[in-house]
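K.L.:
sharing a model prediction with you, sequence too.
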Amino acid sequence: MQIAILTISDRASRGQYEDLSGPAIEEWLRETIVSPFEIVRWIVPDGFGPVRDALVELCDEQRVDLILTTGGTGPSPRDETPEAMRAVMVKELPGFGEQLRRASLVQTPTAILSRQTAGTRGSTLIINLPGKPTSIRVSLNAVFAAVPYCLDLIGAGRIETDPARLNAFRPVSPA
């Protein structure tokens with residue numbers, strides 16, 4: 001099982017800013033996944049071309065099973081991660097974006113500006129996460145319970161998670 005963390009940031013790609021989101025994702029994954037996995041971390045600048053090219057390389061050449069992007073999902077002119085995603089994915093999975101925004105809105109009203117999505121390319125699942133490190137845990141807690149099953153369905157590598165950890169974040173149904 002190979003997981004890529006793709007940080008999308010002009011400043012981090014130039015070394016002007018320390019990538020904090022990529023390490024936050026990696027920390028969460030290491031706390032949650034109990035089966036063996038390898039992490040690949042890349043940093044690319046904002047913009048359609050660099051993001052598209054990185055996604056294609058990670059899916060088609062590196063053949064990673066899961067890509068978690070961070071950054072580039074807002075409304076600013078350089079935020080083109082969703083556009084690059086739509087150019088490379090074969091099937092969009094809009095429920096991920098809906099749930100990511102729903103969970104983030106509990107924390108911050110500006111989450112409505114996020115344009116996160118998810119989708120597949122071949123046997124790779126790609127999920128857009130926010131660029132703020134404080135939002136990483138909220139986002140992953142909101143959607144990751146569906147990730148192992150989705151990976152199974154698309155023929156990707158298999159992962160096992162700590163059920164107690166993920167169950168702690170599932171909403172309880174009213175009695």
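P.N.:
Yes, it's here.
K.L.:
when you work out contacts or count neighbours from here on, use the C-alpha atoms and nothing else.
P.N.:
Noted.
K.L.:
looking at it, R165 is touching R30, isn't it?
P.N.:
No - assessed by C-alpha atoms under 8 Å, R165 is found out of contact with R30, at 11.8 Å.
K.L.:
for the most centrally placed residue in the chain, helix, strand, or coil?
P.N.:
Computing the C-alpha centroid of the chain and ranking residues by C-alpha atoms, centre = their mean puts L68 first, at 2.9 Å. State at L68, reduced to three classes by DSSP: H, G, I helix; E, B strand; the rest coil: strand.
K.L.:
report the contact partners of R165.
P.N.:
By C-alpha atoms under 8 Å, 6 or more residues apart in numbering, the contact set of R165 is T32.
K.L.:
and V44, what are its phi and psi?
P.N.:
phi -130, psi 160 (degrees, to the nearest 10).
K.L.:
run a quick neighbour tally on it.
P.N.:
19 (other C-alpha atoms under 10 Å).
K.L.:
before we move on, what about P77?
P.N.:
P77: 9 neighbours (other C-alpha under 10 Å).
K.L.:
could I get the pLDDT score of it?
P.N.:
As summarised for this prediction, P77 has a pLDDT of 93.
K.L.:
sec struct for it, please.
P.N.:
coil.
K.L.:
tell me how far it lies from D46.
P.N.:
10 Å (C-alpha to C-alpha, to the nearest Å).
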